[in-house]
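[1] what would the 3D arrangement of this be:
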Amino acid sequence: MKVSFIDDEPEIYPLQYGGKARTIMTLAKGLVSTESVDEVTVMSRSINDSRDRFTDQDGVNFEKLDQHNTLSRIIEAAADADVLSVHTCSFTFPRILPERRKAALVYNMHDVILATADKGSHLDKTLAGDWDAIVSPSDFATTTYLNYASLTGSTSEIYTIPRGIDPALFYEIPKEEAVSELKRQGLIPGEDVGPILFFPGRAGVGKGDDLIEHICESLAGDHPDLLVLTASDADTPLQHPNVRHIGWQEVDNLKYLYSAADITLSLSRLPESFSQVCLQSIACGTPVLAFPFGNQLSFSEELTVIRVCSPEATEVTKAIRSLLDDSDMTDMIGDSKAILENKYHIDSIIKTYVKLYKDIIKRRREPARRPATFFISPNSVVLDGRVYVADEDSEVIETFDLTREESAILGCCAAATSLGEIVLTSGLNYETVYSNLMSLKTRKIVVGIEDGRETR
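    The predicted structure is shown next:
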């Protein structure tokens, strides 16, 4: 079985920026190590690497997407993979007719927010797409989808599969050891510090960072040496003596931050579809204070080490004091860790995904043969025997002189055309047309998809 992921996070490699990116990479690494999966590929515009295609140390393939090749690579992956796992929300995934693709299209609904001008939405995409299956991370998210689907008439099947926690990445480290490591890295001061609160959310997106200053001021009398660590960058507007903005952290470093903290703050006012932060913190032995929006309320009912309070500043500081003074916390953490091991362990989550993928693949039929198709890129223009290629992401315009063969081929590509039609119209032989098309495609002069099953 071949599985391809399509992603649009701010960065997915090497840094996983955001919970969605971490979910994708955890799934990809887990799937590639199973007997049922032969190949796993992650396709994204946010691969921060000089290489366009490569394989990492875990065996996961990476393919860098851009303005030029995103759509064609999606079409090719849909024709080649058995499962295309879709995680995009910033653009609408193209509708590919079932008879024109081999892959089962599985949409992963990471949020239940409707789109605005500056934010994408997974809920929008679930309701608008033609999916073989939708995967929701919680009963809350599933119910939200079904409620909206009753209004729109959407009929895609939805499956509830929680996000998994990898115990190799998230585990408890003795507090003194974790604090010592963070001091070594320069993330916390070298002198002794008092209670540590960890805020792993992004700034300015409704995650509760606006309450941090109030927390510091309210607790200053009892805890003048309080330290609040945030995953925001140093130039974040909020500046306070008790706050350190340490920037977005690599996954491998999160266990030290969670383990060093006395409380993790998950103060999102958004309808969280899951909230991985809560489970990651528990795996590292740290209680969580959360607002009761979305799935966080369900988590607090299931995992007693997660406390919820009303979304008011005074209630937040009251709840923090209560958590710091709770003498029963050790037992509650142990009970909650046991639930994590039984229900949210990444190995069992991967098995659930593999079973779902196999079931969906069985229901799909072999697609019709898709001919190779090519057309001149909308970013390219041919003028007086030369071609100019503009890049939307920069001010650079590349210029290429055309050979006679390339000019003849481009003359056939004003409208989408097949490789065979180019051969007939241009009068060139197949090998000449094919090799030149591949060169034109590499230089982003043409857009196209190729089908290895087409007879040469």
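
[2] how about the CA coordinates for stretch 87-99, as CSV?
    Taking Å, rounded to 0.1, in the frame of the first residue of the first chain, the C-alpha atoms of stretch 87-99 are listed here in CSV:
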residue,chain,number,x,y,z
HIS,A,87,-4.6,17.9,5.4
THR,A,88,-5.0,21.2,3.6
CYS,A,89,-7.2,24.0,4.6
SER,A,90,-5.6,27.1,2.9
PHE,A,91,-6.9,26.1,-0.6
THR,A,92,-9.7,24.0,-1.9
PHE,A,93,-8.5,20.6,-2.9
PRO,A,94,-9.3,19.9,-6.6
ARG,A,95,-12.3,17.7,-7.3
ILE,A,96,-10.9,14.6,-9.1
LEU,A,97,-13.6,12.3,-10.4
PRO,A,98,-13.5,8.8,-8.8
GLU,A,99,-13.1,7.2,-12.2
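
[3] and it, how far from the chain's centre?
    16 Å (C-alpha atoms, centre = their mean, to the nearest Å).

[4] give the buried residues for that stretch.
    Buried residues in stretch 87-99, counted by 16 or more other C-beta atoms under 10 Å: 87, 88, 89, 93, 96. Yep, even glycine has a C-beta here, placed from its N, CA and C like the rest.

[5] quick one: which of those is nearest residue 151?
    Among the buried residues of stretch 87-99, residue 89 lies closest to residue 151 (C-beta to C-beta), at 19.9 Å.

[6] got the contact list for the closest one?
    8, 110, 111, 115, 120, 121, 122, 124, 125 (C-beta atoms under 8 Å, 6 or more residues apart in numbering).

[7] check contacts around residue 450.
    76, 372, 419.

[8] now do residue 119, the pLDDT please.
    Residue 119 carries a pLDDT value of 68.

[9] begin at 457, not 1, for the rest of this chat.
    Got it, the first residue is 457 from now on, which makes the last one we talked about residue 575.

[10] tell me, how many residues neighbour the residue lying closest to residue 865 once chain neighbours are set aside?
    Leaving aside its sequence neighbours, residue 865 sits nearest to residue 892 (C-beta to C-beta, 6 or more residues apart in numbering; 5.5 Å). With neighbours defined by other C-beta atoms under 10 Å, the count for residue 892 comes to 21.

[11] wait, residue 892 sits on residue 863?
    No. Using C-beta atoms under 8 Å, residue 892 is not in contact with residue 863; the gap is 10.1 Å.

[12] can you give me the helices in the stretch 707-856 of the chain?
    Assigned by DSSP state H, counting those that start in this stretch, the helices in the stretch 707-856 of the chain fall at 707-716, 732-739, 751-758, 769-780, 785-799, 802-819.

[13] what do you get for the stretch 457-606 of the chain?
    Secondary structure of the stretch 457-606 of the chain, counting by DSSP H, counting those that start in this stretch: helices at 475-488, 526-536, 578-584, 595-608.

[14] looking at the ones you listed, which is nearest to residue 669?
    Closest among the helices of the stretch 457-606 of the chain, using C-beta to C-beta: helix 475-488, at 24.7 Å.

[15] and the closest one, what other elements does it pack with?
    Other elements packing on helix 475-488 under the criterion 3 or more C-beta pairs under 8 Å, 6 or more residues apart in numbering; DSSP states H and E are strand 458-463, strand 495-500, helix 732-739, helix 802-819.

[16] state the mean pLDDT of the longest one.
    For helix 802-819, the mean pLDDT works out to 95.

[17] now do the buried residues in it.
    In helix 802-819, counting by 16+ other C-beta under 10 Å, buried: 802, 805, 806, 809, 810, 812, 813, 816.

[18] which ones are touching the fifth one?
    Contacts were defined as C-beta under 8 Å, 6+ apart; by that measure residue 810 touches 457, 487, 490, 492, 493.
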